[in-house]
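In: pasted the sequence and its predicted model underneath.
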Amino acid sequence: MKLNRRYFLYSSSCACAQRAIFPFLTASMALQSTSANAAIPEMKAVQVSANAYFVQGLAALGSKENQNFISNAGFVVTPKSVVVIDALGSPSLAQRLVQLIKTITPLPISHVIVTHYHADHIYGLQVFKDLGAHIIAHSASGEYLNSDTATLRLKASRDELSPWIDENTRLVVADEMLKGFSPKNLQVNGIDFYIAPAGPAHTPEDLVIYLPAEKVLFAGDLVFRGRLPFVGGADSKHWITSLNKLLQFDVAVIVPGHGAQSSAASAKADIELVRNYLVYLREQMGAAVKNLESFDEAYKATNWKAFENVPMFGFANRMNAYNTYLLMEKESL
């Protein structure tokens, strides 16, 4: 089977990002840098609670021009150190995030929690590893790290995202692996982190991270705000179940994997948009498989009106539908 480089670049970076506004804390600090080759995208730290911040990636596909800055990363300042959530899509972005954190606190970065191993969230991990941070992920990430898919995606990214991804960019294995569905209660210098496995959903290794004292939920790519989600090889059935569980968290703010934060008032609608889209994909493609319709026939016959105005529809929807069609075929066996 011939593998399409564009597919690997898209799927490795989730082709993600964007979003709205949180009416609480918005004091943002900007970190600027320059490049001889392209205008470097701005990186800002947006404060969402007393101790939690995040940086928001662009609503775009990964490119040389944007350094693969298309996903979000968070960080939490504890009394003695900083806990980072996701590592962004290139080592240069991770270095910029480190410098941005230093404008807020001189404290060292002690931990990195990885929500999932898609390239736009993990190609910066080596920077934090070299700083001595303790990296936490789900054990299911090992399957991806040892796969041909990971190797091919990195190769494609080196070709398409040079110089930000190059021969020195490497895949980093977590120091601590969570297993199964058991959550982990992590306390770092008096601040509690509730780390809950949510996969297989967007990926087999999905984690969500909740700060109970501040009611902040880092949802990873279970939630895409302001655009269609990237489905890829997702387990959409369990993803829907996981989204229903997210609705049970007592939150003041949700930080998605892509897009702006959701306030408590808007979080339900943001989660439901992703959930309803996945449900619709499964219904339509499932019916097509049951009726022995070809994918092309099914896609053309489906009414996409409810979603066609959502950003990234033109790029992502057909791919999402096709992947769901294949999933429904598999589930029907």
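Out: Done, it's in. Note that this is a predicted model, so its numbers are computed, not measured. Numbering: from 1, shown residues only.
In: which elements pack onto the strand ranked longest in the chain?
Out: Taking DSSP state E as the criterion, the chain has its longest strand at strand 216-224. Contacts defined by 3 or more Cβ pairs under 8 Å, 6 or more residues apart in numbering; DSSP states H and E place strand 216-224 against strand 207-211, helix 236-246, strand 253-258, helix 264-290. Using the backbone N, CA and C atoms, a C-beta is placed for each residue, glycine as well.
In: make sure Ser71 is indeed in a strand.
Out: No. Counting by DSSP: H, G, I helix; E, B strand; the rest coil, Ser71 falls outside a strand, being coil.
In: make sure it is actually in contact with Ala119.
Out: No. Ser71 is beyond contact range of Ala119, at 9.2 Å (criterion: Cβ atoms under 8 Å).
In: between these two, who's got more neighbours?
Out: Ser71 (32 against 26; other Cβ atoms under 10 Å).
In: got the phi and psi for that one?
Out: Dihedral pair for Ser71: phi -130, psi 170, per degrees, to the nearest 10.
In: who are the contact partners of Gly142?
Out: 173, 177 (Cβ atoms under 8 Å, 6 or more residues apart in numbering).
In: and it, how far from Ala150?
Out: Going from Gly142 to Ala150 by Cβ to Cβ, to the nearest Å gives 10 Å.
In: one more: Arg227?
Out: Taking Cβ to Cβ, one finds Arg227 at 25 Å from Ala150.
In: more neighbours, these two?
Out: A side-by-side neighbour count of Arg227 and Ala150, using other Cβ under 10 Å, places Arg227 first with 23 against 19.
In: just the pLDDT for the more buried one.
Out: Looking at Arg227, its pLDDT is 87.
In: my guess is it meets Pro311, correct?
Out: Yes. In this structure, Arg227 is within contact of Pro311 by Cβ under 8 Å, at 4.2 Å.
In: closest to Ser182 out of the helices and strands packed on strand 216-224?
Out: strand 207-211 (11.8 Å; Cβ to Cβ).
In: so what strands line up beside that closest one?
Out: Neighbouring strands of strand 207-211 in its sheet, by DSSP bridges, are strand 191-197 (antiparallel), strand 216-224 (antiparallel).
In: average model confidence for that strand?
Out: Mean predicted lDDT for strand 207-211 stands at 98.
In: and it, what's buried?
Out: By 16 or more other Cβ atoms under 10 Å, the buried positions in strand 207-211 come out as 207-211.
In: do stretch 300-310 as well
Out: So stretch 300-310, judged by 16+ other Cβ under 10 Å, has buried residues 302, 307, 310.
In: that one spans what distance, first to last residue?
Out: With Cα to Cα, to the nearest Å applied, stretch 300-310 spans 18 Å between its terminal residues.
In: follow-up on the earlier one: which one of the strands paired with strand 207-211 lies closest to Phe249?
Out: From the strands paired with strand 207-211, taking Cβ to Cβ, the stretch that ends up closest is strand 216-224, at 5.3 Å.
In: using PDB, list the CA coordinates for the closest one.
Out: This file holds the C-alpha atoms of strand 216-224, laid out as PDB (Å, rounded to 0.1, in the frame of the first residue of the first chain):
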ATOM      1  CA  VAL A 216      -9.800  23.600  35.600                       C
ATOM      2  CA  LEU A 217     -10.000  20.700  33.100                       C
ATOM      3  CA  PHE A 218      -7.300  20.100  30.500                       C
ATOM      4  CA  ALA A 219      -9.200  18.000  28.000                       C
ATOM      5  CA  GLY A 220      -6.600  17.300  25.400                       C
ATOM      6  CA  ASP A 221      -8.000  16.400  22.000                       C
ATOM      7  CA  LEU A 222     -11.200  15.000  23.400                       C
ATOM      8  CA  VAL A 223     -12.400  18.500  22.900                       C
ATOM      9  CA  PHE A 224     -11.800  20.700  19.800                       C
END
